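S.K.: For reference, the sequence and a predicted model appear below.
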Amino acid sequence: MSNDFTFAINSISFDENYRPSDNTRITTNFANLARGESRQENLRNTLKMINNRFNALAHWDNPKGDRYSVELEIISVDMAIGNQGNGQTFPTIEVLKTNIVDHKINKRIEGIVGNNFSSYVRDYDFSVLLLNHNKGQSKFSVPDDFGDLHGKLFKFFVNSDAYKQNFIKPPVICLSVSDNKIYHQTENQHPVLGVEYQPNESSLTEQYFKKMGLQVRYFMPPNSVAPLAFFFVGDLLNDYSNLELIGTISTMETFQKIYRAEIYNANAAAGKRYKPNLQNSDHSLTQIVYDREERSKLAIKQGEFAEEHFIKPYQAILEQWSANYAS
């Protein structure tokens, strides 16, 4: 069964000249920035914010705050389905990879892969399957096998030769906190990740990512105003260097400041007990233009695309593969 799926990994630079390819999920953070008349200014400002934040966190031996810059690659993963796919591929996953340039010693350091996470199948699960499952129901519920296929596909990819040939460490995915949870500050503190928080209960996103083989911890980095959710395999605090972690923090915190300014660009920092609030009016806006409403509508469209081009045509193969899959 393991020969049924093969992966092709493609990479494109995310810089001020970036233009989304035709099969990029339009809801992806970086694709949303690279559209419209402000596209180049958006991209330039975003990259400047990332570099400034990186240097502020990597402040040792960096007196002028300009020692490092971050280069970003968009990694697209296409999956081919055995002989029965007729050579067709389906865009499975899209992530970001950070690379760090140390201008003092003229060296390029490989960063973390993951960071941002986009998946058509996840769009299908949350925006089509879950909605249909709850239509006409008085109480919200989740199907028993919710996220099983997606989780197995992700684990299969991370364990594949294609992944191992391209990336030296497992992925770390960094997301926003949930606005319907309460987070409590702990005594634990890391020099780069900052203060650790714990949620009052598990979220559907946590459970979904657990099926992908990822656990989660919440940290608020120094001079941040809200914790970030870090999804990872293994030991987040010891498997990655400080510079690798700073690459992820500076990149993903910048995206969150743009997309969730009410939380990540709030004018007051999270306290010991923190409830994120997307209606918080006491926040600052970045100078970066972005259409939030369009982004949520597109998730449904892309979920329907996955249903039409992947879930339905290959349903029998996917069900058989999933039943036989052993991680």
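M.R.: Thanks, I have it.
S.K.: which residues of the protein fall in strands?
M.R.: Along the chain, counting by DSSP state E, strands occupy 5-14, 68-81, 89-102, 107-119, 172-176, 183-190, 194-199, 215-220, 228-232, 273-274.
S.K.: Can you give me the buried ones in the first one?
M.R.: Residues of strand 5-14 classed as buried by neighbour count (16 or more other C-beta atoms under 10 Å): Phe5, Thr6, Phe7, Ile9, Phe14. The C-beta positions use only the backbone N, C-alpha and C, and glycine is treated the same way.
S.K.: Ignoring the adjacent residues along the chain, who's closest to the third one?
M.R.: Just to be clear, that refers to Phe7. Leaving aside its chain neighbours, Phe7 sits nearest to Ala162 (4.2 Å; criterion: C-beta to C-beta, 6 or more residues apart in numbering).
S.K.: Would you check how far apart the one you found and Thr92 are?
M.R.: For Ala162, the distance to Thr92 equals 11 Å [C-beta to C-beta, to the nearest Å].
S.K.: list the residues that contact both of those two?
M.R.: Common contacts of Ala162 and Thr92 (C-beta atoms under 8 Å, 6 or more residues apart in numbering): Phe7.
S.K.: Compare the two (neighbour count), which wins?
M.R.: When Ala162 is set against Thr92 and neighbours are counted by other C-beta atoms under 10 Å, the residue ahead is Thr92, at 23 against 15.
S.K.: which ones are touching the closest residue to Lys275 other than its chain neighbours?
M.R.: The shortest distance from Lys275 to any non-neighbouring residue, by C-beta to C-beta, 6+ apart, is to Ile182 (5.1 Å). Ile182 makes contact with Pro199, Asn200, Arg273, Tyr274, Lys275 under the criterion C-beta under 8 Å, 6+ apart.
S.K.: what's the most distant pair in the residues you listed?
M.R.: Pro199 and Arg273 (11.5 Å; C-beta to C-beta).
S.K.: okay, the two: which has more neighbours?
M.R.: Ranked by neighbour count (other C-beta under 10 Å), Pro199 and Arg273 place Pro199 first, with 18 against 11.
S.K.: wait, the more buried one sits on Gln185?
M.R.: No: using C-beta atoms under 8 Å, Pro199 makes no contact with Gln185, being 11.7 Å away.
S.K.: Skipping adjacent residues, who's closest to Asn223 in space?
M.R.: Spatial nearest neighbour of Asn223, excluding adjacent residues (C-beta to C-beta, 6+ apart): Ala56 at 7.0 Å.
S.K.: for Arg44, same thing?
M.R.: In space, Arg44 comes closest to Glu16 once its chain neighbours are excluded; the distance is 4.8 Å by C-beta to C-beta, 6+ apart.
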